[in-house]
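S.K.: Here is a sequence with its predicted model. Questions after.
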Amino acid sequence: MNTLAQEGTEECAKLIAWRDSLLFHCCDNLAAHYIDQVGRYENKYQQSLLRLNKMKRKLELVRQQIDLAEPVFSVSLRSSSIRNLMTSTAFSSAEKN
């Protein structure tokens, strides 16, 4: 009976050590890793929104220049994507008129 109690105590000690290892070491590392990843993706999302808002503002300014019949220089359109967007919207607005 004594050996059975001793084996039970040893097994219980191993399980407690395993639980403590998981709880205090792995869990902290997982939480830190999760927060790091979420923060990285949140930052990328915010940067993308900022670029999108800048492009929208440039597009607004170019449209205002077109409405005021001012020349639109390609120097003011640095991004080829904005240039492509403007040509497609300029043609579509010209077709409507």
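M.R.: Everything's here; your move.

S.K.: What is the strand or helix carrying Asp28 packed up against?
M.R.: Assigned by DSSP states H and E, Asp28 belongs to helix 27-67. If contacts are counted by 3 or more CB pairs under 8 Å, 6 or more residues apart in numbering; DSSP states H and E, helix 27-67 sits against helix 80-96. All C-beta spots, glycine's among them, are computed from the backbone N, C-alpha and C.

S.K.: Over the helix it packs on, what's the mean pLDDT, rounded is fine.
M.R.: On average, the pLDDT along helix 80-96 is 53.

S.K.: likewise stretch 23-41?
M.R.: 78.

S.K.: per-residue confidence for Ile66?
M.R.: Taking Ile66 on its own, its pLDDT is 87.

S.K.: for Lys58, same thing?
M.R.: We have a pLDDT of 90 for Lys58.

S.K.: That one and Gln65, how far apart?
M.R.: 11 Å (CB to CB, to the nearest Å).
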